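[1] Predicted model and sequence follow; I will ask about them next.
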Amino acid sequence: MYASFITRLIPPAALTTAYVCAEFAGWGNAVRGALLSTMVLSWVVMAAWFTISARRRTPDEQRMLREQEHVLRELRQFAGIAIGGSQQEIRRTRGLLQQAVAKLQSSFATINQNSRTQGEAVARMMDRRAGGEGMGINVRHFAQQGRVFVVVTGDVGKTLEAVAINHAMASVRQRKEAHPSVRCAFFT
């Protein structure tokens, strides 16, 4: 391409040199006008050729551009698939978290309901015993009369068992304070 550029530059450069010589030599106006118009026309033609050749690509350049466009298209598709997969995983994870939270809330509601039921059972047994046969309550009778049991294993089970015992004892204390004449086996 470099040699081609030099060969295209020779005519405008020669006409420019001839025009400068004509001006210094004082040649006639017709000769100088013809040299000037030919020189300008040759520069315009060379500039047009240079512009067109700069835009024209060789077969290797065209092949390389097609490959680059193909690679970019594949990259866009891959990125779209990856982003779509990530968004799907995020939606799935959110759904799982919502289900877990709902189950956890349901479990706590069940534990709370069981605790209330146990407290009410203790209160009913104390009221029954206080109103009837023998004016006292003991642990054995409590175990025989109680029908609500929570089966939990591990450290959570021990913690819930301790909470249930403390709750039952607090209920018994309240009943004893409410009915001071009732004897309770817990406090004797």
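    Noted; the coordinates are in hand.
[2] same for the longest helix along the chain, what does it pack against?
    Looking across the chain with DSSP state H, the single longest helix is helix 59-131. In terms of contacts (3 or more Cβ pairs under 8 Å, 6 or more residues apart in numbering; DSSP states H and E), helix 59-131 is packed against strand 136-137, helix 139-145, helix 154-178. Heads up, the C-betas are built off the backbone N, CA and C, glycines and all.
[3] make it 7 Å
    strand 136-137, helix 154-178 (3 or more Cβ pairs under 7 Å, 6 or more residues apart in numbering; DSSP states H and E).
[4] Worst mean pLDDT among these?
    With a mean of 52, strand 136-137 has the lowest mean pLDDT of those.
[5] And this protein, split by domain according to the record?
    2-56, 81-184 (automatic domain parsing).
[6] which of those domains has the lowest average pLDDT?
    domain 81-184 (a mean of 71).
[7] Would you mind measuring from Phe5 to Val45?
    14 Å (Cβ to Cβ, to the nearest Å).
[8] meant to ask about Glu120
    106 Å.
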